[in-house]
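Novice: Here's a sequence, model it:
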Amino acid sequence: MNGAKRRLLIFEQLKEAKSVEVKQLAKQYEVSPMTIRRDLSLFAKQGLVSLNYGGAILNEGSGVEASFSLKAAQAQSAKAAIAKEAARLVNEGETILLDCGTTTYEMAKYLSDKAITVITNSWKILQVLQNTPKIKVILAPGTYSRISQGAISSDTIRFIGEHHVDHVFMSTQGLDLAWGASVPDEMDANVKQALMKAGSHCILLADQNKFDQRYFARYAKIDEFDLVISDRQLEEAEEQALKQMRTGYLQVIVHSA
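Specialist: Numbers count the residues shown, from 1 in each chain. Have a look, this model is predicted:
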């Protein structure tokens, strides 16, 4: 098992058990205690855990956010299904905005055959689209965020405010149907608000793990989205609430491998 896969599994254990022990993890994954301590130290640098002598404790504050690579490894099948469905909404000749996020990153992979213009503040999305001859890519400027792996600053907001597009595809860290979409970082929320204002239509991509979660900075209420695409099966009350808000909902079916 490679290190990235091991760290993902450890993080899943942390979310469930709230704490882990170095000796137990070393035995479970058949690696040295030093290797596990390095894994936990990486989580600590991101603010995800607090280290103690024998292991680590999960930090669960609303301002905590995992790295892009760690988030990308979670719910991969669901994100791919959501991304594929979202890409079908894009027509030839359109201009779209792609937010920083692991699901919008997946979506970029399904756009290569379309003659479109893509504006994004995500450097990861740029890497996907840089060699696609049909697509004109415009990278928004701004201060680089290691967590989001894209430009997130006041310069980004100013640049986005000077453009208008057909569709905006948004990501989120948390989604609460009563409260809205939220992220841990306030500047990230401000950038996302600018992105949403730049489009004729705004679509939110959110796997079911994002639901019933609230983070520090809310950037939109649910009725500000024209459509939500997710793998979550809504309860009847949730469906009725979305209908009253006139926000569309598209559930994708995720097939296990």
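Novice: need the contact list for Arg214.
Specialist: 62, 174, 176, 179, 182 (C-beta atoms under 8 Å, 6 or more residues apart in numbering). (C-beta placed from N, C-alpha, C; glycine too.)
Novice: with the residues you listed in mind, which one is nearest to Ser77?
Specialist: Minimum distance to Ser77 across the contacts of Arg214 is 20.8 Å, recorded for Gly174 (C-beta to C-beta).
Novice: who's in contact with stretch 116-124?
Specialist: 68, 90, 92-101, 104-105, 108, 111, 125-126, 129, 134-140, 142, 144, 148-152, 156, 160, 163, 165, 191, 195.
Novice: now with 6 Å?
Specialist: 94-98, 100, 105, 135-138, 140, 149-151, 156 (C-beta atoms under 6 Å, 6 or more residues apart in numbering).
Novice: what's the answer for stretch 23-40, then?
Specialist: By C-beta under 6 Å, 6+ apart, the list of residues contacting stretch 23-40 reads 6-7, 10, 22, 56.
Novice: Those in helices, which ones?
Specialist: Counted as lying in helices by DSSP state H, out of those, are 6-7, 10, 22.
Novice: quick revisit: among the contacts of stretch 116-124, who's most crowded?
Specialist: Leu98 (31 neighbours; other C-beta atoms under 10 Å).
Novice: can you pull out the strands in the stretch 51-200 of the chain?
Specialist: 55-58, 95-98, 117-120, 136-139, 144-145, 150-151, 165-170, 174-176, 180-183, 199-205 (DSSP state E, counting those that start in this stretch).
Novice: Including distance to Leu42 and mean pLDDT, could those go into TSV?
Specialist: Output for the strands of the stretch 51-200 of the chain, formatted as TSV (distance: least, C-beta to C-beta, whole Å; pLDDT from 0 to 100):
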stretch	distance to Leu42	mean pLDDT
strand 55-58	11	82
strand 95-98	27	98
strand 117-120	27	97
strand 136-139	28	96
strand 144-145	17	91
strand 150-151	20	94
strand 165-170	28	98
strand 174-176	23	91
strand 180-183	21	92
strand 199-205	27	96
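Novice: Redo the ones you listed as JSON lines? Include distance to Asn2.
Specialist: Below are those laid out as JSON lines (distance: least, C-beta to C-beta, whole Å):
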{"stretch": "strand 55-58", "distance to Asn2": "21"}
{"stretch": "strand 95-98", "distance to Asn2": "28"}
{"stretch": "strand 117-120", "distance to Asn2": "29"}
{"stretch": "strand 136-139", "distance to Asn2": "30"}
{"stretch": "strand 144-145", "distance to Asn2": "26"}
{"stretch": "strand 150-151", "distance to Asn2": "25"}
{"stretch": "strand 165-170", "distance to Asn2": "30"}
{"stretch": "strand 174-176", "distance to Asn2": "29"}
{"stretch": "strand 180-183", "distance to Asn2": "29"}
{"stretch": "strand 199-205", "distance to Asn2": "27"}
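Novice: returning to that earlier point: got a ChimeraX select line for the buried ones in the contacts of stretch 23-40?
Specialist: Only the buried entries of the contacts of stretch 23-40 go into this ChimeraX selection, using 16 or more other C-beta atoms under 10 Å:
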select :6,7,10,22,56
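Novice: quick one: which of the contacts of stretch 23-40 is nearest Glu235?
Specialist: Ile10 (32.1 Å).
Novice: contacting residues around the residue nearest to the spatial centre of the chain?
Specialist: The centroid of the chain falls nearest to Gly101 when counting by C-alpha atoms, centre = their mean (3.7 Å). Going by C-beta under 6 Å, 6+ apart, Gly101 touches Ser171.
Novice: Relative to Ile125, how far out is it?
Specialist: According to C-beta to C-beta, to the nearest Å, Gly101 and Ile125 sit 9 Å apart.
Novice: ditto for Ala86
Specialist: 13 Å.
Novice: now Gly180
Specialist: Gly180 is 24 Å from Ile125, by C-beta to C-beta.
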